[in-house]
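Chemist: output the structure for:
(one chain, ligands or ions: 2)
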Amino acid sequence: MDKSFDLKGKRIFVAGHRGMVGSALVRRLASEDCEILAVARSELDLLDQAGVRRWMEDRRPDAVVMAAAKVGGILANDSFPVDFLYENLVVQTNVIEAAFRSEVQKLLFLGSSCIYPKLAPQPIPEDALLTGPLEPTNEWYAVAKIAGLKLCQAYRRQHGVNYISAMPTNLYGQGDNFDLDSSHVVPALMRKAHEAKRAGQKNLQVWGSGKPMREFMHVDDAADAFVWLLKTYSGDSHVNVGSGEDVTIAELARTIVSVVGLSAEIAFDATKPDGTPRKLMDVSRLFATGWRPKYALPDGLEQTYTWFLEHVEKGDIRLGAV
Ligand SMILES: NC(=O)C1=CN([C@@H]2O[C@H](COP(=O)(O)OP(=O)(O)OC[C@H]3O[C@@H](n4cnc5c(N)ncnc54)[C@H](OP(=O)(O)O)[C@@H]3O)[C@@H](O)[C@H]2O)C=CC1
Ligand SMILES: C[C@H]1O[C@H](OP(=O)(O)OP(=O)(O)OC[C@H]2O[C@@H](n3cnc4c(=O)[nH]c(N)nc43)[C@H](O)[C@@H]2O)[C@@H](O)[C@@H](O)C1=O
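Modeler: Ligands and ions are numbered 1, 2, ... in the order given. As a prediction, the model looks like this:
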């Protein structure tokens, strides 16, 4: 199989183009000589198999990046197991199957670092998949993501198509979800610190013990890695996409407090779950291709907070019920 995929003149369907990752992909692909295809959920619900087949047959993209999914932080994952399992299984299966029917040449499926066992060796190599029990707070989402990467692998093996999968680490950046009930830790702490500063509060509530470790990556770095893999990677195994560095949640909270300019004590809320103790991925396979991220965590957080301030003023940010 030819290893490279030239984007020049190609029609690329970015599924989930309004999400944090999808919108970063649209920004990144704008500098490639390709045509971006996108469709709003109001026009095409990816849960609708017949609709997805029709849309794909009508538009006939050359490549697909699957950035549409039911996504949320630790509490949302733990609270809505059906939504995270059912919706992800269905939307990803619909898109991958319709892509195959419409002879899509290349497809990139996005999974997550939560596919790996809760107590996987650190840093986690790609071959740690399916070697142990999953983290209970997100096993439903993880099972769906494992099924997605396995479906791509199955299409490769049975039909010889170039469908690949990337497993991103915890992502953050512009376009993130800042709804405290469903967000991940970075947007949650950034919003809480911002609101505490405005209200003159003297403490910041951080869920759990502050001891879990997480690896973070700015979404523009992630989008760059995904386009790089789309163009250059055609292997059978999934590829970890991370920065190769992790921090404790307490360290993350201190950095966010400093970026926001809040003067406050950090208070840990032990009634909330810690989740997996650590999930630093082994990124040697990705780094061996020559690719590297550009953002250090404090710089990425600064960029995100600048974006947050600009957009919170305009009111075009995902805040949930306020
Ligand atoms: N954020 C993170 O930290 C990480 C994300 N990932 C993966 O990256 C991908 C993108 O995540 P992210 O951008 O953060 O998530 P977002 O929630 O920001 O974006 C998800 C997108 O999927 C769309 N979508 C979901 N369900 C449907 C549906 N039934 N029909 C049509 N569109 C749908 C949403 O549409 P709408 O705008 O209408 O809601 C939204 O645009 C996902 O596969 C996720 O699992 C992996 C690891 C970490
Ligand atoms: C990307 C990944 O994201 C999810 O897993 P997670 O890494 O556990 O996600 P998280 O960002 O929500 O939390 C990270 C850590 O941070 C702590 N934490 C502190 N204070 C807040 C807080 O205020 N909000 C949140 N959400 N977490 C907080 C929290 O208790 C936990 O220890 C998966 O479900 C799944 O979606 C997935 O693949």
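Chemist: contact residues of the protein facing ligand 1?
Modeler: Residues of the chain lying close to ligand 1 by C-beta under 6 Å from any ligand atom are 16, 18-22, 41, 45-47, 67-71, 91, 110, 112, 168, 170-171, 177, 184. Every residue, glycine included, has its C-beta placed from N, CA and C.
Chemist: for the stretch 51-200 of the chain, which segments count as helices?
Modeler: Secondary structure of the stretch 51-200 of the chain, counting by DSSP state H, counting those that start in this stretch: helices at 74-79, 81-82, 88-101, 139-159, 185-199.
Chemist: how close does F268 get to P212?
Modeler: Distance, F268 to P212, using C-beta to C-beta, to the nearest Å: 11 Å.
Chemist: repeat that for A223.
Modeler: A223 is 26 Å from P212, where distance means C-beta to C-beta.
Chemist: neighbour-wise, which of the two wins?
Modeler: A223 (26 against 21; other C-beta atoms under 10 Å).
Chemist: buried sites along stretch 154-170?
Modeler: Buried residues in stretch 154-170, defined by neighbour count with 16 or more other C-beta atoms under 10 Å: Y155, R156, V161, N162, Y163, I164, S165, A166, M167, P168, T169, N170.
Chemist: tabulate the CA atom coordinates of that stretch in CSV.
Modeler: Taking Å, rounded to 0.1, in the frame of the first residue of the first chain, the C-alpha atoms of stretch 154-170 are listed here in CSV:
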residue,chain,number,x,y,z
ALA,A,154,-11.2,-4.9,10.2
TYR,A,155,-12.0,-2.9,7.0
ARG,A,156,-8.2,-2.8,6.3
ARG,A,157,-7.8,-6.5,6.7
GLN,A,158,-10.9,-7.7,4.9
HIS,A,159,-11.0,-5.0,2.1
GLY,A,160,-7.5,-3.6,1.9
VAL,A,161,-8.5,0.0,2.5
ASN,A,162,-6.3,2.7,4.0
TYR,A,163,-8.3,3.4,7.2
ILE,A,164,-6.2,4.4,10.2
SER,A,165,-6.7,5.5,13.8
ALA,A,166,-5.1,8.0,16.1
MET,A,167,-5.5,8.0,19.9
PRO,A,168,-5.2,11.5,21.2
THR,A,169,-4.4,12.4,24.8
ASN,A,170,-6.5,14.9,26.8
